[in-house]
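Enquirer: What follows is a predicted structure for the sequence shown.
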Amino acid sequence: MSKKRVTLADVARLAGLSTSAASMILTGRPDTRLSPEAHAKVHEAAATLGYRPNMAARALRTDKTRTLAFISDHIATTRYGNGLIRGALAASEEAGHVLMMLETYGDPAHETRAIDAAIDRQVDGIIFAFVRSREVFLPSITSNVRMVMLNGTNRQCPIAILPDEYQGGCEAVSLLADANFTDGIVLLGHNAEVEEGLFRSGTILSRLNGIRSEMVSRGLGFVDELSSWNWEPENGYKLMKKYLKNSRPKALLCMNDRLAFGAYQALSEAGLKIPEDVSVVSFDNDEIAAYLRPGLTTIGLPHEAMGREAVRVLLDEKIVESETLVAMEPMIRGSVGGAD
């Protein structure tokens, strides 16, 4: 036989107060005009009885379920971007909300089912989160539920939380310039001439614009730009191995950590040491970056801070349209030395 649920009336009875008075105290009303002793009695009675608020009943009264949906593409099933989940979970808990996790694997049918599941459960808001920052397609949503795009953009949703890629690009160049590199810098992963007219996401363009703007402001130029459409370790390795047959850079600015992983291998095979012979700066702060030897200096994606910000913005109903850029933090390790 199941144990009878403790009710608010039970708490009030034990505290010797009315049910309405107990309710005002337990819901945190700042203007109860009840004595400190009354507050203490109610909280003590609730603890003694093991009282838990009836969230379903509260939702009927307030039209709020205190539940948020976190719908992602591949975040929960890969190691990339898990900081987005950590930040959102922490902020939700601090705000007294439950975060419901739904993974779509990037499949449109799964996305539709996930959205329907969230709306059917009357969530107070939906966070759409993506492993890689980009403009994304979403199925048509007719509900008026609040939505926030986390690490992505979509025309249906005018509220987005994104990394400040432009600032990050500037930071990467500054690390090399401040180490007195004035020449011999190679850009690994993009060539403006080769890729002219080809589509890159808005966030990638912001990263590139930050890089090129800071290069100009510092009076610097790349000695070479090596194009790669897919920024994966094997491409970083192949491009750098080929380049080292005829040239030797003083510094590499890699468009992401995965390209840098491949470049590390090619440099090692060529007998070059990091940072004594070649310095390396990258982007994203992949968790493997800290375990390379030397550790990779990189401009980190602020995933945890972005997850927190997504919840904060979602719960602030005064915000109806915004694009929040979260600063990217330089992670200084051992891959940058001083220029000769």
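Expert: Here it is on my side, so go on. Numbering: from 1, shown residues only.
Enquirer: Low-confidence regions, the chain specifically.
Expert: Across the chain, the ranges flagged by pLDDT under 70 are 1-3, 27-31, 53-64, 77, 340.
Enquirer: list the helices and strands the strand or helix carrying Ala12 packs on?
Expert: Remark: Ala12 resides in helix 8-15, with elements defined by DSSP states H and E. Here helix 8-15 touches helix 19-26, helix 36-49, going by 3 or more CB pairs under 8 Å, 6 or more residues apart in numbering; DSSP states H and E. All C-beta atoms are positioned from the backbone trio N, CA, C, and that covers glycine.
Enquirer: residues making contact with the first one?
Expert: By CB atoms under 8 Å, 6 or more residues apart in numbering, the surrounding residues in contact with helix 19-26 are 8-9, 11-12, 15, 32, 34, 38-39, 42-43, 45-46, 51, 53.
Enquirer: Could you pull out the helices in the stretch 151-300 of the chain for me?
Expert: 165-178, 202-217, 233-243, 257-269 (DSSP state H, counting those that start in this stretch).
Enquirer: okay if I get those helices as TSV plus mean neighbour count and distance to Val186?
Expert: Below are these laid out as TSV (neighbours: other CB atoms under 10 Å; distance: least, CB to CB, whole Å):
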stretch	mean neighbour count	distance to Val186
helix 165-178	21	11
helix 202-217	18	12
helix 233-243	19	7
helix 257-269	22	9
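Enquirer: Nearest to Gly295, out of those?
Expert: helix 257-269 (10.9 Å; CB to CB).
Enquirer: So which residues make contact with the closest one?
Expert: 188-189, 228, 231-241, 244, 252, 254, 273-274, 277-278, 280, 282-286, 288-289, 292, 296, 298.
Enquirer: tilt between that helix and helix 233-243?
Expert: 40 degrees (axes from the mean of the first three to the mean of the last three CA atoms, to 10 degrees).
Enquirer: which parts of the helix holding Ala12 are buried?
Expert: For helix 8-15, burial by neighbour count (16 or more other CB atoms under 10 Å) applies to Leu8, Asp10, Val11, Ala12, Leu14, Ala15.
Enquirer: hang on, the earlier thing: can you redo the helices of the stretch 151-300 of the chain as TSV with distance to Ile141?
Expert: Formatted as TSV, these follow (distance: least, CB to CB, whole Å):
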stretch	distance to Ile141
helix 165-178	27
helix 202-217	22
helix 233-243	37
helix 257-269	33
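Enquirer: Show me the one of those that comes nearest Arg113.
Expert: Short answer: helix 202-217, nearest of the helices of the stretch 151-300 of the chain by CB to CB, at 27.4 Å.
Enquirer: other SSEs contacting the closest one?
Expert: strand 125-135, helix 165-178.
Enquirer: again, 6 Å this time
Expert: helix 165-178 (3 or more CB pairs under 6 Å, 6 or more residues apart in numbering; DSSP states H and E).
Enquirer: which non-adjacent residue is nearest the residue nearest the centre of the chain?
Expert: In the chain, the centroid-proximal residue (CA atoms, centre = their mean) is His303; its distance is 2.8 Å. The shortest distance from His303 to any non-neighbouring residue, by CB to CB, 6 or more residues apart in numbering, is to Gly83 (3.0 Å).
Enquirer: quick one on the thing from earlier: can you tell me which of the contacts of helix 257-269 are buried?
Expert: Of the contacts of helix 257-269, these count as buried by 16+ other CB under 10 Å: 188-189, 228, 231, 233, 235-237, 239-241, 244, 252, 254, 274, 278, 280, 282-286, 289, 292, 296, 298.
Enquirer: count of neighbours near Thr297?
Expert: Other residues within reach of Thr297, judged by other CB atoms under 10 Å, total 25.
Enquirer: That'll do, ta.
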